[in-house]
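Colleague: everything below, folded, please.
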Amino acid sequence: MKNNILDQNLQFISKYNADLAQKIAGIAQLNGNYEIKEAKSGDSILFMDGMAFDDGMDPVWNAVEKYNELKDKTNKSITIIYGMGL
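Modeller: Sure thing, here's the model as predicted:
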């Protein structure tokens, strides 16, 4: 079964960097101990070798807090927030 999201992302990446898309598509096995666990909020968090990549309580709230800490938020500024979206 194909991963539709992965395929869509690779197709998008290949428009800008075909070599990178090909390298990602060729990865058959990840090195390391990866797990996806649930935060207290119910959101998913990626762990690698026991270390969380995000806040264990509420990763969405954590992102909102980080956004609120940004300086220079005006109607003439552009802020891009990205994440893994597990």
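
Colleague: can you pull out the strands in this structure?
Modeller: Per DSSP state E, the chain carries strands over the ranges 34-38, 44-48, 51-52.

Colleague: residue 78: which of those strands is closest?
Modeller: Counting by CB to CB, residue 78 lies closest to strand 44-48 out of those; the figure is 27.1 Å. In short, each C-beta sits where N, CA and C put it, glycine included.

Colleague: any idea how far that closest one is from the chain center?
Modeller: 10 Å (CA atoms, centre = their mean, to the nearest Å).

Colleague: okay, the strands of the chain in CSV with mean neighbour count next?
Modeller: Output for the strands of the chain, formatted as CSV (neighbours: other CB atoms under 10 Å):
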stretch, mean neighbour count
strand 34-38, 11
strand 44-48, 15
strand 51-52, 11
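
Colleague: any chance of the ones you listed in a markdown table, plus distance to residue 81?
Modeller: Below are the strands of the chain laid out as a markdown table (distance: least, CB to CB, whole Å):
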| stretch | distance to residue 81 |
| --- | --- |
| strand 34-38 | 21 |
| strand 44-48 | 17 |
| strand 51-52 | 19 |
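
Colleague: of all those strands, which lies closest to residue 59?
Modeller: The nearest among the strands of the chain, by CB to CB, is strand 44-48 at 6.1 Å.

Colleague: name the strands paired with that closest one and say parallel or antiparallel.
Modeller: Partner strands and pairing direction for strand 44-48 (DSSP bridges) are strand 34-38 (antiparallel), strand 51-52 (antiparallel).

Colleague: dump those strands to CSV, plus mean pLDDT and distance to residue 72.
Modeller: Below are the strands paired with strand 44-48 laid out as CSV (pLDDT from 0 to 100; distance: least, CB to CB, whole Å):
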stretch, mean pLDDT, distance to residue 72
strand 34-38, 89, 35
strand 51-52, 90, 29
